[in-house]
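Trainee: sharing a model prediction with you, sequence too.
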Amino acid sequence: MLSIIKIGIDPVAFKIGGLTVHWYGVMYVVAFAIAYQFAALPYLLHRGVRREQAERIAGWAILFGLVGARLYYVVQQNLSTYLHNPLQILAVWDGGMAFFGAIIGALLTLAVLSWRYKLSVWTVLDAGAFFAVVGQPIGRIGNVINGDILGGPSNLPWATAYTNPHAVLQAGYYLGVAYQPAAVYEALGTIVIGLLLVLLRRRRVRPGVVIISYVALYALSQLLLDFLRQSEPVIWLGLKQLQLTSIVALVVGVPLLVLVWRRTEGRGGSPGDAATPEGDPATAVPAEADAPQAATT
């Protein structure tokens with residue numbers, strides 16, 4: 001037991017007056033900034049999307065992604081708790097962000113806004129996939145500090161035991177006991193997915209292949225990795241809520257995306273690495289011509 005990793009970090013990062021800032025929220029902000037600046041933005045600029053358009057799209061996608069993530073988590077829980085105390089819906093620092101909800105909220109937002117700005121919908125969605133695979137592992141650091149995503153008891157060298165009394169442990173988990181770090185496994189799984197998406201991009205696949213591959217690979221990873229995550233209850237057929245959602249994504253969501261893709265981008269044209277915005281050619285401004293601005297999220 002001397003070889004286990006002990007985490008005694010307070011989930012509260014700092015306080016400003018009456019405002020309490022948690023590491024969970026800090027890591028989300030860091031994840032958004034890095035994922036946008038180094039993944040989504042370069043991808044979009046290289047394909048002719050204006051910087052100001054990318055900033056607006058990213059800002060709204062992040063907002064509705066967060067809303068979708070929190071609402072999707074809430075509807076999976078005991079709703080009576082939130083009906084009696086609606087403000088608890090906002091308590092994201094206690095854990096409780098379902099990433100599949102973020103995917104749904106962000107994808108719908110990206111599709112609507114790319115249509116609004118007359119951009120290639122599939123190109124923008126692909127940028128969203130690269131944003132996700134860069135940002136999510138960083139965001140998982142907040143889960144590791146919280147202690148809200150854990151596997152079963154373990155004495156492996158990388159098992160984690162929480163010692164801070166403010167750790168956000170799920171029911172049935174205790175301070176000082178070492179558990180499998182399921183959040184770390186999920187972060188590593190997302191990094192592997194990201195590397196596979198980079199390989200796809202280098203093959204100059206058509207727009208849309210990246211986002212479809214991401215949804216399929218992420219759903220498959222969650223279906224498998226969730227067997228190691230024991231901080232969530234079994235719902236049906238020995239599977240947890242996240243695993244059931246993953247199956248629905250694989251059986252319904254991915255085929256639906258493929259069907260729509262085949263009726264649009266997949267039926268012709270040149271490979272997608274040279275994709276440009278649809279509509280008015282004037283909107284296809286090369287990245288070199290775009291005046292440098294401070295990126296915001």
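Mentor: Received, thanks.
Trainee: tell me which stretches of the stretch 1-150 of the chain form helices.
Mentor: For the stretch 1-150 of the chain, helices defined by DSSP state H, counting those that start in this stretch occupy the ranges 23-35, 41-46, 51-75, 79-84, 99-116, 121-146.
Trainee: my guess is residue 151 contacts residue 226. True?
Mentor: No. Assessed by CB atoms under 8 Å, residue 151 is found out of contact with residue 226, at 9.8 Å. Where C-beta positions appear, they are placed from N, C-alpha and C, glycine not excepted.
Trainee: in TSV: the helices of the stretch 1-150 of the chain, plus mean pLDDT, distance to residue 240 and mean neighbour count.
Mentor: Shown next, in TSV, are those (pLDDT from 0 to 100; distance: least, CB to CB, whole Å; neighbours: other CB atoms under 10 Å):
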stretch	mean pLDDT	distance to residue 240	mean neighbour count
helix 23-35	93	21	19
helix 41-46	96	33	20
helix 51-75	90	13	19
helix 79-84	57	18	10
helix 99-116	92	12	21
helix 121-146	95	16	25
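Trainee: turn those into CSV, including distance to residue 179.
Mentor: What follows is the helices of the stretch 1-150 of the chain, written out as CSV (distance: least, CB to CB, whole Å):
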stretch, distance to residue 179
helix 23-35, 18
helix 41-46, 37
helix 51-75, 21
helix 79-84, 25
helix 99-116, 20
helix 121-146, 11
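Trainee: residue 16 is nearest to which of those?
Mentor: Proximity to residue 16 (CB to CB) singles out helix 23-35 among the helices of the stretch 1-150 of the chain, at 12.5 Å.
Trainee: which residues does the closest one contact?
Mentor: 9, 11-13, 62, 66, 92-93, 95, 130-132, 134-136, 138-143, 145-146, 297 (CB atoms under 8 Å, 6 or more residues apart in numbering).
Trainee: now that helix against helix 51-75, angle please.
Mentor: Angle of helix 23-35 versus helix 51-75, following axes from the mean of the first three to the mean of the last three CA atoms, to 10 degrees, is 150 degrees.
Trainee: angle of helix 23-35 against helix 121-146?
Mentor: Between helix 23-35 and helix 121-146, the angle comes out at 150 degrees (the same axes, to 10 degrees).
Trainee: figure out which of the helices of the stretch 1-150 of the chain is closest to residue 249.
Mentor: Comparing the helices of the stretch 1-150 of the chain by CB to CB, helix 99-116 comes nearest, at 6.9 Å.
Trainee: could you check the angle that closest one makes with helix 121-146?
Mentor: Using the same axes, to 10 degrees: helix 99-116 against helix 121-146 is 150 degrees.
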